[in-house]
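S.K.: give me a model of this one.
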Amino acid sequence: QTDRQTDRQTDSLSGPSHSHQRGQTDRVVDWRVRRQAARPLFSVSISPSPPPSTSPAPAAARPLSERASERTHERGERAAERGMAMAREVDAAERGQADEVASDVGPTAAGAAARWARRGARVVVGCAAVLLFLVVFGKDKQHLTDSVRHLAARFAPTPAPTAQLAVAEAPPAPHFVPALEATADDGEVRRDLGRKRKKKQQRRTLAPSASPTTSPTAASTTKQVPEAGCESLNKKNECEAFEGCDFLHKACRPAITPKRILFVGNSFTIRNKMTNMVEKMAKERFNAKVYMAAWGSYTWSKHLDTASTRYAINYGGWDAIVFQEQSFFLSSPMYYHYSARAGQELYNATKGKTKRVLLFETWGYEYGRTLGDNYFLMQSRIQQGYRYAASKMEQLQDGTGFPPISIAPVGTTWAELYDNHKDSMYTYDSQHPDMLGSYITACVFYAQIFEDSPVGLSYRPKGVTAKEAEAAQKAAAKIVLG
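M.R.: Model (predicted):
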């Protein structure tokens, strides 16, 4: 009982704060003991013990909100320090770049003047080297020397005018056109050039053939067929027209104005250089220049958005423009209107730019386009699609410069040869043309553009036999010319 009274007296002397702190200490110790007991027996901590703290321990009874605000304040201070450090680094980098620029430019105007002087010296040395090269290796040294003299006289100071001129001076020669002294051979050279020019003009001139109503004087100028016949003219380099001969010598054909043809399409036009085939076939009897604006998988709508195609059409002066649509669209009735609308815009761009427009009727795929389809069904749909597109284009014709439209029946000619030559007409994908397929296409365009039968043409590309070429020529003449 005495001990209890002593404890109560001690508690009353220490006050309530002392007992509260003691209770808090007891709870902290109890929590540490329980946490140590909950650890597994085999866990070993190898982290070094922290150094003893010299700062006084914070009060345990401080509210959590106050401690949270302190931590937030510390984070803000650290972020501010990092931002200032980054700003200092950026300033240092900018100062370094400015120093580099300053070092490149030069500290004084004298450095800049020295650099410009060096550049000027390089220009002068380069001009002197070029001039020396022209003097040493130039073909016309006299002309070059006179040009330099005239240039020096042009920039030379003009002398003071004299009081009297005894003889009137000749007018100065024009700039860079020196008056060269005539040589003894000039007359002979001029005569040679005149003879060569005259012969060249005679070779390029095509004399018109005499008609039944031609006057006797004109008829007498027309040469008769030699005794050896027209075939003997193949060995002569003459360009006159002979009676009874329906052909011209190869050297005479360039005198014919070539037909300029433009193909607008995709890979069906590009494959195997089909356009070059048309040009080579035409040069056997006529003359032609074939151009192409084609890219793989292109449609009429894509060509409308392509500047190269629009530029080619607007260039003008075409004898024929060929438009080829992608087979997928004109073999699907649901896309007929889509392709026809794009075709109308292309056709509208050809107004006044060409004499005629051809639609490249393509062919059906070997096994059709979709499951359950076949070549003949797809070919029929393609024919209908091109007829529909042509009818829509013709609706724009108002007699004010729109060219006539016709369909080049390439797919129909393919169908004529499909049964006997289908293995040689397609490539591995059963869609694009092989060499024979491109040759058939070229024969059709030759017959359609020049209105001449391709039968008898000697040109045939590598990979096409003579029998296949003959079959293609006959089929094209039959379908196109009837």
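S.K.: pLDDT on stretch 263-283, on average?
M.R.: The average pLDDT for stretch 263-283 rounds to 95.
S.K.: end to end, how far does it reach?
M.R.: 18 Å (Cα to Cα, to the nearest Å).
S.K.: ok, now stretch 314-327?
M.R.: 26 Å.
S.K.: which parts of it are buried?
M.R.: Neighbour-count burial for stretch 314-327 flags Trp318, Asp319, Ala320, Ile321, Val322, Phe323, Gln324, Glu325, Gln326, Ser327 (criterion: 16 or more other Cβ atoms under 10 Å). Every C-beta, even on glycine, is put in place using the N, C-alpha and C of the backbone.
S.K.: show me the helices in the stretch 301-450 of the chain, by range?
M.R.: Taking DSSP state H, counting those that start in this stretch as the test, the helices found in the stretch 301-450 of the chain are 307-315, 327-330, 336-349, 375-394, 410-425, 435-450.
S.K.: distance to Val278 and mean pLDDT added to these, as a markdown table?
M.R.: Listed next are the helices of the stretch 301-450 of the chain as a markdown table, based on distance: least, Cβ to Cβ, whole Å; pLDDT from 0 to 100:
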| stretch | distance to Val278 | mean pLDDT |
| --- | --- | --- |
| helix 307-315 | 17 | 94 |
| helix 327-330 | 20 | 93 |
| helix 336-349 | 20 | 95 |
| helix 375-394 | 19 | 96 |
| helix 410-425 | 12 | 94 |
| helix 435-450 | 5 | 96 |
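S.K.: just name the most buried of the ones you listed.
M.R.: helix 435-450 (a mean of 26; mean count of other Cβ atoms under 10 Å).
S.K.: and the angle from that helix to helix 410-425?
M.R.: 160 degrees (axes from the mean of the first three to the mean of the last three Cα atoms, to 10 degrees).
S.K.: just to revisit the earlier point, so which of the helices of the stretch 301-450 of the chain comes closest to Leu358?
M.R.: helix 435-450 (6.3 Å; Cβ to Cβ).
S.K.: packing partners for the closest one?
M.R.: strand 259-265, helix 274-282, strand 357-360, strand 405-408, helix 410-425, helix 466-481 (3 or more Cβ pairs under 8 Å, 6 or more residues apart in numbering; DSSP states H and E).
S.K.: hmm, 6 Å instead?
M.R.: helix 274-282, strand 405-408, helix 410-425, helix 466-481 (3 or more Cβ pairs under 6 Å, 6 or more residues apart in numbering; DSSP states H and E).
S.K.: nearest to Glu89, out of the ones you listed?
M.R.: helix 274-282 (63.8 Å).
S.K.: and after that closest one, which helix or strand comes next?
M.R.: strand 288-294 (DSSP states H and E).
S.K.: which residues sit against stretch 279-293?
M.R.: 253, 256, 258-264, 275, 278, 308-309, 312, 446, 450, 457, 459 (Cβ atoms under 6 Å, 6 or more residues apart in numbering).
S.K.: same thing but 7 Å
M.R.: 247, 253-254, 256, 258-264, 269, 275, 278, 308-309, 312, 442, 446, 450, 452, 454, 457-459 (Cβ atoms under 7 Å, 6 or more residues apart in numbering).
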